[in-house]
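# starting from these lines, generate the structure:
(one chain, ligands or ions: 1)
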Amino acid sequence: MNRSFGRLNQSQVRSYVRALTETSRSCTSLVAIQIKQRHNSGSRKYSSSSNRENASKPTPTSSPGSKPAAKTPLQLLAARIAAHADALAAAASERSHPARSLSAKPATPASLLPANAPISARSEQLALRDALAEATLLATDASEFVPELAVRNNQFASVRWLCHFDIPSLLPLEDSEHEAAANDEPSIFPSLPYSKVSSLARVPEHQLRSIARMAMLAGFLSEPAPNRLSHSPLSAAMVRQPELLEWARFTTGTSAPMVGAMVEATERWGDDRSIHRTAYNAAWKTDLPLFAHVAANPELQERYARYMRVMTRSRGMALGHLLQGWREGWESLARRGGVLVDVGGSAGHASAALAREFPGIRAVVQDREEVVARAKRDDAPRLEGEGLKVVFQAHDFFEAQPERPRGFEDEGKGDVYFLRQILHDWGDDKCITILRHLAAALERAGPDARLVVMDTVLPSPGEGSRTVEALLRVRDLTMQQAHNAHERSREEWEELLAKAHRGLVIKKIVQPFDSLMAVIEITLEAR
Ligand SMILES: C[S@@+](CC[C@H](N)C(=O)[O-])C[C@H]1O[C@@H](n2cnc3c(N)ncnc32)[C@H](O)[C@@H]1O
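Residues are numbered from 1 along each chain as shown. Sure, this is the predicted structure:
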C-alpha cells in the first residue's frame, strides 16, 4: 500500500480507493447488464469483454503538485480483483454461505458461492477468475512461461497417478470417534502417515510422497503435519461428489493420450480429414473411427458411458440449459401436438427431460442400431413407467428420415428435429448430408416446424470471458483430436446451413449463462 500510493496522503488514498472500487463496480454491473441484454437478445457474449479491454488502458489520476500518474494495468486489475472479491463476499454472506479458506478445514465449503446464488453473483465470480488470469499473465515473466507449463504438466500427471491408485478414497474424511478424541485439532481433516497410505494403495512410498506434494500445490490433498497425508477441501469435495473423481480419471487417463498425440497425427496424415486419421487414432494405434473403436472395446465403452453420464450432470452441460434456453419453443411444441425427433439422441435423456418438463411433448429418439437396442432394454421400460411418451427408433442420420413409429405417424403439426452434440462430431461434408435430410423432413412438417441445434458457438478470439473461451477451445480441440471435426463460430454455423440448403436460416441463438452450448433455432424458409 505505502509503495503504490507513495505520493498521496491518507485521505487521498481513501478517496482514490473508493473511486477505483466504484469504477470497477460499475464496470462489473455493466457486465451483468450486458449479460442480461445479450442473454435476452439471444447473443452469446456474456462476460467481461469490457474488462478485458479496460485492463490494458491505464487511467490517469492526479496527485498534488505532480503530473497525473498513470496506474499500471496490473494495479488497475488488482483494484478490480479487490472489488470483485468484496462483491462476492457480500453475495455469499447475504445467503449465510461461509467464506472459503485454503486450510484443510472440513468446514470450508466446496464452492465460493452457494448453489442458489443468482446469475449476477456467478457472473461476478467469472469476472474475478478472468481478472485473476490476466493478473497472472501480467505478473509472470517470459522466462517463467516454460517452467510454468512444466508445473502444470506435472500437476496434471500427478492428479492422474493419485486418482488411478485411488489415493483420495483411501484417506479418511472424518475422524472415527476414537481418533477424534485423541486429535488435537479436530477441525483439520484426519491424516495418515505416508507409509500407511502407500501400503494400503500398494504403491512405493517415496513416489507417493513426491507426487502428492506436487498435487498439493494445485490444492489437491494436504500435508497438515510432517509426513502425514490428508485431504484438502478440494480432494474431499471430489470424494464426496464421486462424479468429479470420475471426471478427473477420464480427463487425465482416458483422453490424455489423444491430447498428447496431435503432433503425431499431423506428422502422419497432414490435412487428411478422414474420421480415422485423428490424434485418437495415433494415440490408440487403431484404424477405426472413435465411435467404432469404443463400440468394439467393452472396457472403453464403459469408461465413455460413465464419462457421458458425468458430463450430462455437470454445470456446463446440464439439461436445464436446454429446458430454459428455448422454453417458449418447447411449450409451443407441446401445445400444438407436434413430435420431437431427437436425432442421435442416445439413451433419450434429453427427450425424457423435455417430456417431463413439458407434459404433452411426444418424442422419437433415433440412434444407431446397437444404441437403440440397449436403450430399449435399459431405459424404455422406466420411461414408459413414468408415463412419458418417448420411443426409440434405429436410424442412421446419413439416410433420409424413416417412417415414424406407430402412434407418431402424423406429420404437418410443426415437428421439432433436434440435434444435440451431433454436428460438432462431423466435418462439413458429413454435416451437409445430415442437414439436407432434415431440411426435407422440415419441408413436410409444416411452417411451424423447427430444427433445434444444441452445440457450442465459438467466440472470436478475445471476444468474451477468457475463462469461458478456454473451456470452449478445449471442446474445439477435442473434436479435432477425436473426429477431425470442430466447433463452429456463428459465421461458420451460418455458412454450413447455407451450404446445406438455402432456406435453412438461423432465427435465434440463445447462450444460457454457464452453458458450454448454445440453443440454435433454425427455420426452413421458402427460397
Ligand atoms: C455425442 S453423442 C450425443 C448424444 C445426445 N444427443 C446428447 O446430447 O447427449 C453422439 C450420438 O450420435 C450417435 N450416432 C453416431 N453416429 C450415428 C449415426 N450414423 N446415426 C445415428 N446416430 C449416430 C451416437 O451413437 C451418439 O449417441
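
# residues in contact with residue 238?
Counting by Cβ atoms under 8 Å, 6 or more residues apart in numbering, residue 238 touches 168, 244-245, 248. For every residue, glycine as well, the C-beta is placed using N, CA and C.

# just the closest of these to residue 291, please.
The closest of the contacts of residue 238 to residue 291 turns out to be residue 248 (Cβ to Cβ; 23.9 Å).

# report the buried residues of whichever strand or helix holds that closest one.
Element membership of residue 248 [criterion: DSSP states H and E] is helix 242-249. Within helix 242-249, the residues that qualify as buried are 243-249, counting by 16 or more other Cβ atoms under 10 Å.

# helix or strand next in line after it, which one?
Per DSSP H and E, the first helix or strand lying C-terminal to helix 242-249 is helix 256-259.

# which strands and helices sit next to that next one?
helix 279-284, helix 466-483 (3 or more Cβ pairs under 8 Å, 6 or more residues apart in numbering; DSSP states H and E).

# out of these, flag the one nearest residue 132.
helix 466-483 (9.1 Å).

# pull the most distant pair out of the contacts of residue 238.
The widest separation within the contacts of residue 238 (Cβ to Cβ) is 9.9 Å, between 168 and 244.

# closest one to the ligand out of the contacts of residue 238, please.
residue 244 (19.4 Å; Cβ to the nearest ligand atom).

# apart from its neighbours in sequence, what residue is nearest the closest one?
Excluding its sequence neighbours, the residue lying closest to residue 244 (Cβ to Cβ, 6 or more residues apart in numbering) is residue 238, at 4.3 Å.

# work out for me the element that neighbour sits within.
Taking DSSP H and E as the definition, residue 238 sits inside helix 233-240.

# okay, angle between that helix and helix 242-249 too, please.
Between helix 233-240 and helix 242-249, the angle comes out at 110 degrees (axes from the mean of the first three to the mean of the last three Cα atoms, to 10 degrees).

# and the one residue in the stretch 351-500 of the chain that gets nearest to the ligand, how far is that from residue 484?
Residue nearest to the ligand within the stretch 351-500 of the chain: residue 420 (3.5 Å; Cβ to the nearest ligand atom). Counting by Cβ to Cβ, to the nearest Å, the separation of residue 420 from residue 484 is 21 Å.

# kindly report the same for residue 279.
9 Å.

# for the stretch 101-250 of the chain, which spans come out with low pLDDT?
For the stretch 101-250 of the chain, the stretches flagged by pLDDT under 70 are 106, 175-187.

# residue boundaries of the helices in it?
In the stretch 101-250 of the chain, the helices defined using DSSP state H, counting those that start in this stretch lie at 119-139, 145-164, 167-170, 177-182, 194-201, 205-216, 233-240, 242-249.

# and the stretch 201-350 of the chain, which residues reach the ligand?
291, 344-346, 350 (Cβ under 6 Å from any ligand atom).

# with distance to residue 93 added, can I get those residues in JSON lines?
Shown next, in JSON lines, are those (distance: Cβ to Cβ, whole Å):
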{"residue": "291", "distance to residue 93": "49"}
{"residue": "344", "distance to residue 93": "45"}
{"residue": "345", "distance to residue 93": "43"}
{"residue": "346", "distance to residue 93": "42"}
{"residue": "350", "distance to residue 93": "37"}
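
# select only the buried ones of those residues in PyMOL?
This is how PyMOL selects the buried members of these, with burial counted by 16+ other Cβ under 10 Å:
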select buried, resi 344+345+346+350
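
# switch the residues of the stretch 201-350 of the chain next to the ligand over to a markdown table; also include pLDDT and secondary structure.
Converted to a markdown table, those look like this (pLDDT from 0 to 100; DSSP: H, G, I helix; E, B strand; the rest coil):
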| residue | pLDDT | secondary structure |
| --- | --- | --- |
| 291 | 88 | helix |
| 344 | 96 | coil |
| 345 | 96 | coil |
| 346 | 92 | coil |
| 350 | 95 | helix |
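
# of all the residues of the stretch 201-350 of the chain next to the ligand, which two lie farthest apart?
Top of the distance list for those (Cβ to Cβ): 291 and 350, 18.5 Å.

# leaving out chain neighbours, which residue sits closest to residue 237?
In space, residue 237 is closest to residue 110, 3.6 Å off (Cβ to Cβ, 6+ apart).

# equivalent analysis for residue 157, please.
residue 252 (7.5 Å).

# surely that neighbour and residue 158 touch.
No. Between residue 252 and residue 158 there is no contact under Cβ atoms under 8 Å: 9.1 Å.

# on that earlier part again, restrict the helix holding residue 238 to CA atoms and write it as CSV.
The C-alpha coordinates for helix 233-240 follow below in CSV (Å, rounded to 0.1, in the frame of the first residue of the first chain):
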residue,chain,number,x,y,z
PRO,A,233,-11.0,-29.2,0.9
LEU,A,234,-10.7,-29.8,-2.9
SER,A,235,-9.9,-33.5,-2.7
ALA,A,236,-12.5,-34.1,0.0
ALA,A,237,-15.1,-32.4,-2.2
MET,A,238,-14.1,-34.7,-5.1
VAL,A,239,-14.6,-37.8,-2.9
ARG,A,240,-17.9,-36.5,-1.7
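
# buried residues in that helix, which are they?
For helix 233-240, by 16+ other Cβ under 10 Å, it's 233-238.

# between these, which sits nearest residue 466?
The closest of the buried residues of helix 233-240, once distances to residue 466 are taken by Cβ to Cβ, is residue 234, at 21.9 Å.

# so the closest one versus the ligand, what's the distance?
Between residue 234 and the ligand the distance is 28 Å, computed by Cβ to the nearest ligand atom, to the nearest Å.

# surely that residue meets residue 219?
Yes. At 4.6 Å, residue 234 counts as touching residue 219 under the criterion of Cβ under 8 Å.

# for the residue sitting nearest the centre point of the chain, which non-adjacent residue is spatially closest?
Taking Cα atoms, centre = their mean, the centroid of the chain lies closest to residue 316, which sits 4.0 Å from it. The shortest distance from residue 316 to any non-neighbouring residue, by Cβ to Cβ, 6+ apart, is to residue 516 (3.9 Å).

# can you give me the helices for the stretch 401-527 of the chain?
Counting by DSSP H, counting those that start in this stretch, the stretch 401-527 of the chain has helices at residues 428-444, 466-483, 490-500.

# one more: the stretch 251-400 of the chain?
For the stretch 251-400 of the chain, helices defined by DSSP H, counting those that start in this stretch occupy the ranges 256-259, 262-269, 279-284, 290-295, 298-313, 320-325, 327-336, 349-357, 369-378, 380-385.

# okay if I get these as a markdown table plus distance to residue 82?
Shown next, in a markdown table, are those (distance: least, Cβ to Cβ, whole Å):
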| stretch | distance to residue 82 |
| --- | --- |
| helix 256-259 | 36 |
| helix 262-269 | 40 |
| helix 279-284 | 42 |
| helix 290-295 | 46 |
| helix 298-313 | 34 |
| helix 320-325 | 32 |
| helix 327-336 | 38 |
| helix 349-357 | 41 |
| helix 369-378 | 51 |
| helix 380-385 | 51 |
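
# comparing the ones you listed, which yields the minimum mean pLDDT?
Among the helices of the stretch 251-400 of the chain, helix 298-313 carries the lowest mean pLDDT, a mean of 85.

# show me what counts as buried in that helix.
Under the neighbour-count criterion of 16+ other Cβ under 10 Å, helix 298-313 has 303-304, 306-307, 310-312 buried.
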